[in-house]
Every structure is written in structure tokens, then in C-alpha cells.
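> Predicted model follows, preceded by the sequence.
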Amino acid sequence: MRIDVLTLFPEAIEPFFACSIVGRAQEAGLVRIVCTNFRDFTTDKHRSVDDKPFGGGAGMVLMPAPLLAAVEYAEAQDSQDPVTRVLLTPQGQPLTQKLARELAQKPRLLLICGHYEGFDERIRIGLQPLEISIGDYVLSGGEPAAMVMVDAVVRLIPGAVGGEQTLDEESFTEGLLEYPQYTRPRNFRGMEPPEVLVGGHHKKVAEWRRSEALKRTWQRRPDLLRARPALLEELRQVLAKEGLPAPDAPTGEPAWMDTTDY
Ligand code: ADE
């Protein structure tokens, strides 16, 4: 896979791509990440990338010409594989594990990081990109979003993460949050792992983890379970077995789910 990142601040994100799983995936030749500063595609002496909005108002808007020139340049490099263009913006569809899995199948991605108030609409019209948001908050630029996206996608490329099972067991791959984990020491400040985890009974360990994942998801992200009747039924059985109230009993939503006040 090749990933191009168009940004005004390559120096802010390049070190991140050199580290950890993304860095190792590059060293192993699984992915090549190329950051390009689209200020290098300006033609005026001030190297301007933005200007005041038509119609007035605060803030600056990214002009179409330098960005489109940078896209054309980046896309002409390397293989002629089709390029999936992504504009990082809070207006986009939310980044999810499902979307990350889809993007991990693509031969080439091109991520565009905005800055300032926004993009001239002709950037959208000209490029017809996917628009992706990493959450309902406003960043000063798309760079942190590009790092998040690259990380979420690259770790799904086969071979990028040691032990494919690790990936499968992780949060969200199956729509559940992860169960509680413990490691050494066995006794830490008087706190010990549940007996079942140190008993060496693999089937019981798997059952405990599954139950805990279901309960944790129900407590923290009931929205994830409500959309999955089969999981909700499984939770119902777990709660009944443990003598806890059924999941349809009103439990109260986590306070953060209140969207009336943003
Ligand atoms: N650029 C600014 N805010 C953003 C967000 N929430 N997601 C993606 N890109 C952004």
C-alpha cells in the first residue's frame, strides 16, 4: 500500500509514522507513507495557500489551486493503482473500525489535511473525495486525524501486527469492548486477578472474558449492543446467570451520551 498525506505541517506527523507498528510496517515494505507539503505547489511570492472567504466573515479558506496541483503531483508518482482520496474534516463520515477495514484493502490512499477555517468548496467538487471525521470536535488541522487514520488502517494490513489473533480479539472487531486484563505481579497493592484467570482452565477463562466484555460494553456503550440483537440476547443470558437485572431494565445511559448539550 502507498499512503500520501498532503499537509502544511509534514514535520508534525512524519516522526509519528516512523514509530511503533506503523514504522515497522514501513520497514517491512508493507506500506509506504509519503508526506507532501502543498505549500510547495503555490505560485506566488508569498507562498499563500489560503485567502479571505467570499461573502466575508472570520477566518481563512484553503484555496483550490495549490492543493489540486499537489494531488495531481502525488497521484502521478509510483504505481498507477487507483487512489482513494480522503478529505479529513469534522463534516465527514465518522471513522469506524469497519471503515478502517475497508480502507486497509485499498492499494493507495491520499489523505488531505486542512487547516484554518475550511476548504474552498471547489476542492470537494474537483476531487470528489471521501470525507472522514475522527470525532465530533474541531481540531486546528487534519494532521492529528491523519495520524489516527493511518494508525487504524496500517495495523490492519496483514503482517503489520504480530499474531493475527491479537487483532481479532481486540475491541470493536466484533462490536464489543475489551474484557479486563491482568498481568504480573499477581498481588499488586492487595489487588489480585479473578481466580478464574490463574486457574489454567482455558474454556472457563474464555467464558469469563466473553461475559465481562458483554457487561462492560453494556455499561459503557449500550448503543453498541442495542444495534446487535444476538449480542443483546447473549448479555441477557449472562446477566440472568449472575442474578443481575435484565438488560431491558432501565439502567440509565452513561452521562456522556447526552447529546442535547454539546
Ligand atoms: N479536521 C478538523 N477537525 C477534524 C475532525 N474532527 N476529524 C477529522 N478532521 C478534522
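Yep, it's here.

> Going by neighbour count, list what's buried in stretch 126-140.
By 16 or more other CB atoms under 10 Å, the buried positions in stretch 126-140 come out as 127, 129-134, 139. C-betas here are computed from N, CA, C, even on glycine.

> same check, this time on stretch 61-71
In stretch 61-71, counting by 16+ other CB under 10 Å, buried: 61-68, 70-71.

> do stretch 104-120 as well
104, 106, 108-115, 118-120.

> Let's see which of the residues you listed end up in strands.
In strands, defined here by DSSP state E, the members of the buried residues of stretch 104-120 are 108-113, 118-119.

> Report the two of the residues you listed separated the most.
Arg108 and Gly118 (25.4 Å; CB to CB).

> give the contact list for the residue nearest to Gly118 when sequence neighbours are not counted.
Spatial nearest neighbour of Gly118, excluding adjacent residues (CB to CB, 6 or more residues apart in numbering): Val61 at 5.7 Å. When contacts are counted by CB atoms under 8 Å, 6 or more residues apart in numbering, Val61 touches 50-53, 116-120.

> same thing with Lys106?
Lys106 neighbours (CB under 8 Å, 6+ apart): 1, 82, 84.

> Could you rerun that using 7 Å?
Thr84 (CB atoms under 7 Å, 6 or more residues apart in numbering).

> how about the residues of this protein near the ligand?
By CB under 6 Å from any ligand atom, the residues of the chain that approach the ligand are 88-90, 133-135, 137-139, 142, 145.

> got a markdown table for the residues you listed, with pLDDT and secondary structure too?
As requested, the residues of the chain next to the ligand are exported to a markdown table (pLDDT from 0 to 100; DSSP: H, G, I helix; E, B strand; the rest coil):
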| residue | pLDDT | secondary structure |
| --- | --- | --- |
| Leu88 | 98 | strand |
| Thr89 | 97 | strand |
| Pro90 | 96 | strand |
| Ser133 | 98 | strand |
| Ile134 | 98 | coil |
| Gly135 | 97 | coil |
| Tyr137 | 95 | coil |
| Val138 | 93 | coil |
| Leu139 | 96 | coil |
| Gly142 | 97 | coil |
| Ala145 | 98 | helix |
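
> That concludes my questions; thank you for your assistance.
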